[in-house]
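Engineer: Give the three-dimensional model of this entry:
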Amino acid sequence: MSQEQNKTRLQKRYDLEPPKDYKVIYINDDRTSFEFVSGSLIQYFDYNTDTANTKTAEIHSKGSSVVAILPFEEAEQKGVEVVMSARHNGFPLEVRLEQA
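Structural biologist: Alright, predicted model coming up:
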């Protein structure tokens, strides 16, 4: 292969889109405790205690709330971790993902 052909091949460019962000949404239910929801926000989403308590109250009063906006893979992983922890603790907490 000549140098000219190599140069041409190296100039090809592919435009890649950055990963799309997704909303992580907690859905309120009648059985998951305030303490569990607040604690999961602190543990999995790095909320501080006051912000976690405020967000938990919002989830309870509005029925659901966006708790984070993350790239899909990260949003999915955190959602699975939260749901697994909820089930392990006997709670039916539901977490949904929605494209931002």
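
Engineer: Excluding chain neighbours, give the residue nearest to G63 in space.
Structural biologist: Nearest residue to G63 in three dimensions, chain neighbours excluded: N28, at 5.0 Å (C-beta to C-beta, 6 or more residues apart in numbering). For the C-beta atoms, the positions are set from N, CA and C on the backbone; glycine is no exception.

Engineer: Might one say that that neighbour is in contact with E58?
Structural biologist: No: the pair formed by N28 and E58 falls short of the contact definition of C-beta atoms under 8 Å, at 9.5 Å.

Engineer: Can you give the distance of the longest helix seen in the chain from its chain's centre?
Structural biologist: Secondary structure of the chain read by DSSP state H shows that its longest helix is helix 72-88. In terms of C-alpha atoms, centre = their mean, to the nearest Å, the centre of helix 72-88 is set 8 Å apart from its chain centre.

Engineer: and the helix or strand just after that helix, which residues are buried?
Structural biologist: For helix 72-88, the succeeding helix or strand toward the C-terminus, using DSSP states H and E, is strand 94-99. For strand 94-99, the buried set under the neighbour-count rule, 16 or more other C-beta atoms under 10 Å, comprises 94-95.

Engineer: Show residues contacting strand 94-99.
Structural biologist: Outside strand 94-99, the residues that touch it by C-beta atoms under 8 Å, 6 or more residues apart in numbering are 20-27, 29, 64, 72, 75-76, 79, 82-83.

Engineer: helices or strands up against the helix or strand harbouring T56?
Structural biologist: When secondary structure is defined by DSSP H and E, T56 falls within helix 49-62. When contacts are defined as 3 or more C-beta pairs under 8 Å, 6 or more residues apart in numbering; DSSP states H and E, helix 49-62 sits against helix 34-45, strand 64-71.

Engineer: So which elements touch the first one?
Structural biologist: Contact analysis of helix 34-45 by 3+ C-beta pairs under 8 Å, 6+ apart lists helix 49-62, strand 64-71, helix 72-88 as its packing neighbours.
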